[in-house]
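> Sequence first, then the predicted structure:
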Amino acid sequence: MILRRRAPVDPGDEFIRALFREHGNAMLAYATRLTGDRAAAEDIVQETLIRAWKHEETLGNGKGSVRGWLLTVVRNIITDRIRARNARPLEVAENEMTVPLEPDHSASVVTTMVTMDALAQLSSDHRDVLRCVYLEGRTVGETAERLGIPPGTVKSRTYYALRTLRERFNDLGLNMEGVAHEHV
């Protein structure tokens, strides 16, 4: 049989154990009542005991109530935690509702390339009408006057130019706004 020597008892360790035996339930009940959270209360009691260990001379001098000092420390720790939490901005969990989704830039690049290609395949008469009506924002009458053609011709060229663009986009699986169609 091997005899082992017990490690010497740390006087500070015994002091903390005695404090916990005598005041632990009161501290835990008080902290739980103030926080409403048993786990947080246990952490606060532990932190209070650490502070008591660091200030053993204050508690051991016989002045004032030990329990009063401990409960004051519990209250101060809770107050400090609340102040720290309130000093930080509110943390909001990221989800689909709180994080704005950024549009996919590549889709607009592809749409622009397809549009430029489709416009290049139109006749110059059709491109001129679309440029006046859609890019310059002119009315049918203003476009007719600018291009020197009748208003009915502006309307028909606009119709046929848009129909050609729409067909081109549909062939590529895109609609006129550049949003891909789902193929069934």
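Okay, I see it. The model shown is predicted, which means the values in this text are computed figures rather than measured ones.

> Show me what the longest helix seen in the chain packs onto, helices and strands only.
Ranked by residue count under DSSP state H, the longest helix found in the chain is helix 11-35. Applying 3 or more C-beta pairs under 8 Å, 6 or more residues apart in numbering; DSSP states H and E, one finds that helix 11-35 contacts helix 38-54, helix 56-59, helix 66-87. Every C-beta, even on glycine, is put in place using the N, C-alpha and C of the backbone.

> Out of these, which is closest to Gly148?
With C-beta to C-beta as the measure, helix 66-87 is the member of the helices and strands packed on helix 11-35 nearest Gly148 (71.2 Å).

> which helices and strands sit right next to that closest one?
helix 11-35, helix 38-54, helix 56-59.

> Can you show me the CA trace of the following helix or strand past that helix as CSV?
Next helix or strand after helix 66-87 toward the C-terminus (DSSP states H and E): helix 105-121. Below are the C-alpha coordinates for helix 105-121, written out as CSV (Å, rounded to 0.1, in the frame of the first residue of the first chain):
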residue,chain,number,x,y,z
HIS,A,105,-24.6,41.8,-61.3
SER,A,106,-23.7,39.0,-63.8
ALA,A,107,-27.4,38.8,-64.8
SER,A,108,-27.5,42.4,-65.8
VAL,A,109,-24.3,42.1,-67.7
VAL,A,110,-25.6,39.2,-69.7
THR,A,111,-28.9,41.0,-70.3
THR,A,112,-27.0,44.1,-71.5
MET,A,113,-24.9,42.0,-73.9
VAL,A,114,-28.0,40.2,-75.3
THR,A,115,-29.8,43.5,-75.7
MET,A,116,-26.9,45.1,-77.5
ASP,A,117,-26.7,42.1,-79.8
ALA,A,118,-30.4,42.1,-80.5
LEU,A,119,-30.4,45.8,-81.2
ALA,A,120,-27.5,45.4,-83.6
GLN,A,121,-29.6,42.9,-85.6
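
> Next, the buried residues of helix 105-121.
111, 114-115, 118-119 (16 or more other C-beta atoms under 10 Å).

> Farthest pair within those residues?
Spatial extent of the buried residues of helix 105-121 (C-beta to C-beta) is set by the pair Thr111 and Leu119 at 12.2 Å.

> one step back: adding pLDDT and distance to Arg67, write the buried residues of helix 105-121 out as a markdown table.
Output for the buried residues of helix 105-121, formatted as a markdown table (pLDDT from 0 to 100; distance: C-beta to C-beta, whole Å):
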| residue | pLDDT | distance to Arg67 |
| --- | --- | --- |
| Thr111 | 71 | 74 |
| Val114 | 75 | 79 |
| Thr115 | 77 | 79 |
| Ala118 | 81 | 84 |
| Leu119 | 84 | 85 |
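
> List the buried residues for the longest helix of the chain?
Those would be 15-16, 19-20, 23-24, 27-28, 30-32, 34-35, for helix 11-35 by 16+ other C-beta under 10 Å.

> contact partners of it?
38, 40-42, 44-45, 48-49, 52-53, 56, 59-60, 66-67, 70-71, 74-75, 78 (C-beta atoms under 8 Å, 6 or more residues apart in numbering).

> Thanks again, I'm all set now.
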